[in-house]
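Asker: need a 3D model of the following:
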Amino acid sequence: MSAPPSSLIDRLVRRTARVAQVRPKLAVADIRLALALAGLIALGPLLTIVGAHMLRTGVEADNRALASQLRTRNAPQAARGAAAAVLRDATRQPALAATLDRLARALPDDARLVSAVRDADGALLFEISASDPDLLRGALRRDSLLGTLRESGQRRTQDARVVVTLRTRA
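Answerer: Numbering: from 1, shown residues only. Have a look, this model is predicted:
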């Protein structure tokens, strides 16, 4: 009797066994080298992130130093600009004497100026005594400059008059 013909699987198993015997086994050193290479490849992105963080920290420190230098160099110019703005605002407002002159012309006959003061912020503060504060308000509204005065308070005196406190915008 003849041997049965070998099947496809039998031939595949024999061929695989032959190839396994012929191929050399990997040495332990080769496996370590492969693992080290895989580790280096995995560390690439991590090293990139750490390096970028170090560069960014250095650049931010340089930016802070430059900003500090810029503030010190620009401080005199900023002070000059602030002084110029105060002077510009002061010259745009009418002088106290001109305002008092217009106020004297606009006041009703029974009203009297008690005090006039310029605050540190440049606002004018007037105290005017009148028997009828409504007549005073009406008289002041007729003048365009004095119409901007805002009442900030009032009090009654012992002689039944009312002292109205008026203030300009700074």
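Asker: okay, residue 148 and residue 110: tell me how far apart.
Answerer: Remark: distance between residue 148 and residue 110 (CB to CB, to the nearest Å) = 23 Å. For the C-beta atoms, the positions are set from N, CA and C on the backbone; glycine is no exception.
Asker: how about residue 31?
Answerer: 111 Å.
Asker: likewise for residue 154?
Answerer: Using CB to CB, one obtains 16 Å as the distance from residue 154 to residue 110.
Asker: quick one: which of the two has more around it?
Answerer: residue 154 (15 against 12; other CB atoms under 10 Å).
Asker: which residue sits closest to the more buried one in space, ignoring its chain neighbours?
Answerer: Once flanking residues are discounted, residue 154 sits nearest to residue 164: 4.7 Å by CB to CB, 6 or more residues apart in numbering.
Asker: just list the residues touching that neighbour, thanks.
Answerer: Residues counted as contacts of residue 164 (CB atoms under 8 Å, 6 or more residues apart in numbering) are 127, 128, 129, 130, 133, 136, 137, 151, 153, 154.
Asker: could those residues be laid out in CSV, adding distance to residue 18 and pLDDT?
Answerer: Listed next are these as CSV, based on distance: CB to CB, whole Å; pLDDT from 0 to 100:
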residue, distance to residue 18, pLDDT
127, 118, 91
128, 120, 89
129, 124, 90
130, 124, 88
133, 120, 83
136, 121, 83
137, 117, 84
151, 112, 82
153, 112, 85
154, 116, 86
